[in-house]
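> Sequence and predicted structure, then a few things I'm wondering about:
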Protein chains: 2
Amino acid sequence: MPRFFIAGTNLAGGMAILKGRDAEHVRVLRLRPGEDVILCDGQGTDYKCRLVYADKEQAEAEILEVVPCSAEPSVKVTVLCGLPKGDKTDYIIQKCVEAGASEIAFFLSDRCVARPGEPEKKLERWQRIAEEAAKQSGRGIIPQVSWAGDFAGALDAAIKTELPLFMYETGEREALNAVLEANKEVKTAAIVTGPEGGFAEFEAKLAKIAGLRVCSMGERILRCETAPVVAVSALMYATGNLG
Amino acid sequence: MPRFFIAGTNLAGGMAILKGRDAEHVRVLRLRPGEDVILCDGQGTDYKCRLVYADKEQAEAEILEVVPCSAEPSVKVTVLCGLPKGDKTDYIIQKCVEAGASEIAFFLSDRCVARPGEPEKKLERWQRIAEEAAKQSGRGIIPQVSWAGDFAGALDAAIKTELPLFMYETGEREALNAVLEANKEVKTAAIVTGPEGGFAEFEAKLAKIAGLRVCSMGERILRCETAPVVAVSALMYATGNLG
């Protein structure tokens, strides 16, 4: 069944009135009255509808069923990454959205080589990548991409979740396996990963003091753009969202 | 401690004699007698050595300790992917090696749009990508990249493992979560994923008849280059190899 995110559709009295970009979507998909379509509100709710009318300007659909989007994981994961070089940001956004992340943010840490320039300008492009990935993978929300500022900003965002995880490559750490096994019912979590050069020791120390769980993902060194995807996958698996 | 794969090093009588490319490695790393180095034999064994002599042609090191490489997972995972378009192959190889796969192979299935050309020519490049990723992530082996031929060839390779998993997007499937939870002690496994268009129904049927476990990774549609990485991550998590 065709499925798309609606922008400003009016949902009321059992009917969906689609105008503008939403009506255009109906046109592009060549939907005819009588055909069924799923309208996603971008907040995790799917409206199963049957089209009753469509012209160039407007379309109307009868709402048959309102259901939570089944593709949305039971856990809201915020991914926080030390700003990497080049287009690795794009890769991280696309893959983490597919894997099930609900929010992605970048920040500057001690060993970041990349410079943010004007992150506000990049945000628009990053958000488009998230939207594309959300559509393509059938997500029920469009994960937001944001700029978390500096390291302190990232820690602050992380500790607002129930399970803030800090991925670190050396020193005293908890095994990610063990931490996740003990938190299978978690509803919100954060995954903090470093830039190319990893985190500085003082950053790991700060993270721990701030209440984050400093975790190891094993002895293999993951690239900065690989670590968040592997961690989100593990978290989805542990919380029963992969299958 | 510096760490590199050795090619033809002679390991005998408590000494490692490095020539050719191996001696060059010592030179490039500017190692001096008295310094320690880890020599990986590419079969999962690490030799902790102390350099005793080095000139342009040859280096000699005393073997201090012989240990299994701690970065090697306890499960050998073979990743089998329907040939994707463009450089997605490179991406799959790099990320799956980092995530812990032991072997990667591509094959042609019904919906492959990409054409293999002369896969033998590509194999050399693919193998180099695997080698680079293995070095970078600190693996104890260099995973082999191969060409599995057609769909039947892929099934044949998969069923040689204890746990052959077939990722499929629709129809009757087992949840990957449930299958992995019941197989935490597995020593060899295969992950079979499709090309851009996924698998045809008859291919899923054939896979099931051949003894593969047809699995779902949830309602999110993963891109053909994302699915193998997510699946390997889940398998590493389930078998206690992430942390």
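Done, it's in.

> Next SSE downstream of the longest helix anywhere in chain A?
When chain A is parsed with DSSP state H, its longest helix is helix A:119-137. Following helix A:119-137 in sequence order, the next helix or strand is strand A:144-150 (DSSP states H and E).

> Check what contacts that following strand and list those residues.
Strand A:144-150 is contacted from outside by A:80, A:93, A:103-109, A:116, A:119-120, A:123, A:126-127, A:129-130, A:154, A:157, using Cβ atoms under 8 Å, 6 or more residues apart in numbering or on different chains. Where you see a C-beta, it was placed from the backbone N, CA and C, and this is true even at glycine.

> likewise stretch A:233-243?
Residues from elsewhere that reach stretch A:233-243, judged by Cβ under 8 Å, 6+ apart: A:73-75, A:77, A:99-100, A:176-177, A:180-181, A:183-186, A:189, A:191, A:217, B:174-180, B:215-218, B:229-230, B:233-234, B:236-238, B:242.

> List only buried entries from these.
A:73, A:75, A:77, A:99-100, A:176-177, A:180, A:183, A:186, A:189, A:191, A:217, B:174, B:176-177, B:179-180, B:215-218, B:229-230, B:233-234, B:236-238, B:242 (16 or more other Cβ atoms under 10 Å in any protein chain shown).

> Just the ones of those residues in helices?
Judged by DSSP H, helices contain the following of the buried ones among the contacts of stretch A:233-243: A:99, A:176-177, A:180, B:176-177, B:179-180, B:229-230, B:233-234, B:236-238.

> and which of those residues is nearest to B:Leu206?
Using Cβ to Cβ, B:Val179 comes nearest to B:Leu206 of these, at 18.8 Å.

> That closest one touches B:Met217, doesn't it?
No. Here B:Val179 lies out of contact with B:Met217, judged by Cβ atoms under 8 Å, at a distance of 10.7 Å.

> avg pLDDT for the helix or strand where A:Glu24 lies?
Using DSSP H and E, A:Glu24 sits in helix A:20-28. Averaging pLDDT along helix A:20-28 gives 89.

> quick one: A:Glu138 and chain B, what's the gap?
For the record, residue A:138 is Gly, not Glu. Distance of A:Gly138 to chain B, computed by Cβ to the nearest Cβ, to the nearest Å: 5 Å.

> Please look at that residue and A:Glu72 and confirm they touch.
No. The criterion here is Cβ under 8 Å, and A:Gly138 misses it with A:Glu72 at 9.7 Å.

> pLDDT wise, what is A:Val67 at?
93.

> is it in a bridge, and if so with what?
A:Val67 forms beta bridges with A:Asp46, as assigned by DSSP bridges.

> okay, now it: neighbour count?
A:Val67 is flanked by 12 other residues according to other Cβ atoms under 10 Å in any protein chain shown.

> how about it, what does it touch?
Taking Cβ under 8 Å, 6+ apart as the test, what A:Val67 contacts is A:45-46, A:48.

> Closest to B:Gly86 out of these?
Closest to B:Gly86, out of all of those and judged by Cβ to Cβ, is A:Asp46, at 32.5 Å.

> separation between the closest one and B:Ser109?
31 Å (Cβ to Cβ, to the nearest Å).

> what's the answer for A:Cys215, then?
Taken as Cβ to Cβ, the span from A:Cys215 to B:Ser109 is 37 Å.

> now swap in A:Asp55 and tell me
A:Asp55 is 43 Å from B:Ser109, by Cβ to Cβ.

> When those two are compared, which one has more neighbours?
A direct count of neighbours by other Cβ under 10 Å for A:Asp55 and B:Ser109 places B:Ser109 higher, at 20 against 10.

> Test my guess that that one contacts B:Glu203.
Yes. At 6.0 Å, B:Ser109 counts as touching B:Glu203 under the criterion of Cβ under 8 Å.

> related to what we said a few turns ago, so for the longest helix of chain A, what gets flagged as buried?
Result for helix A:119-137 [16+ other Cβ under 10 Å]: buried residues A:119, A:122, A:126-127, A:129-131, A:133-135, A:137.

> Out of these, which is nearest to chain B?
A:Ser137 (4.7 Å; Cβ to the nearest Cβ).

> if I read this right, A:Leu155 contacts A:Leu212, doesn't it?
Yes. Taking Cβ under 8 Å as the definition, A:Leu155 is a contact partner of A:Leu212 at 6.7 Å.

> residues shared between the contacts of those two?
Listed as contacting both A:Leu155 and A:Leu212 by Cβ under 8 Å, 6+ apart are A:164, A:192.

> If we ignore the residues flanking it in sequence, what's nearest A:Leu29?
Nearest non-adjacent residue to A:Leu29, counting by Cβ to Cβ, 6 or more residues apart in numbering or on different chains: A:Pro2, 4.9 Å away.

> For that neighbour, which residues are in contact?
Counting by Cβ under 8 Å, 6+ apart, A:Pro2 has contacts A:29, A:31, A:35, A:37-38.

> What parts of chain A come near chain B?
Neighbours of chain B within chain A, by Cβ under 8 Å from any Cβ of the partner chain: A:70-71, A:73, A:95, A:98-100, A:136-139, A:174-180, A:215-223, A:226, A:229-230, A:233-234, A:236-238, A:240-243.

> Show the average pLDDT along stretch A:149-163.
The pLDDT scores in stretch A:149-163 average 97.

> Give the buried residues for that stretch.
For stretch A:149-163, by 16+ other Cβ under 10 Å, it's A:149, A:151, A:153-155, A:157-158, A:161, A:163.

> for the residues you listed, which one is nearest B:Ile17?
A:Phe151 (47.4 Å).

> Thought A:Ser109 was touching that closest one, still the case?
Yes. A:Phe151 is within contact range of A:Ser109, at 4.7 Å (criterion: Cβ under 8 Å).

> what do the two both touch?
Both A:Phe151 and A:Ser109 are in contact with A:Glu203, where contact means Cβ under 8 Å, 6+ apart.

> Domains of chain A: list them as residue ranges, please.
If you go by automatic domain parsing, the domain ranges for chain A are A:3-68, A:76-238.

> What is the end-to-end distance of the longest one?
Its first and final residues considered, domain A:76-238 spans 13 Å by Cα to Cα, to the nearest Å.

> Relative to the whole chain's centre, how far out is that domain?
Distance of domain A:76-238 from the chain centroid (Cα atoms, centre = their mean, to the nearest Å) equals 10 Å.

> repeat for stretch A:20-40
Its chain's average C-alpha position is 25 Å from that of stretch A:20-40, according to Cα atoms, centre = their mean.

> mind listing what's buried in that stretch?
Buried residues in stretch A:20-40, counting neighbours by 16+ other Cβ under 10 Å, are found at A:22-23, A:25-26, A:31, A:35, A:37-40.

> got a list of contacts for that stretch?
By Cβ under 8 Å, 6+ apart, the list of residues contacting stretch A:20-40 reads A:1-9, A:11, A:16, A:18, A:46-54, A:56-59, A:61, A:64, A:69, A:140.
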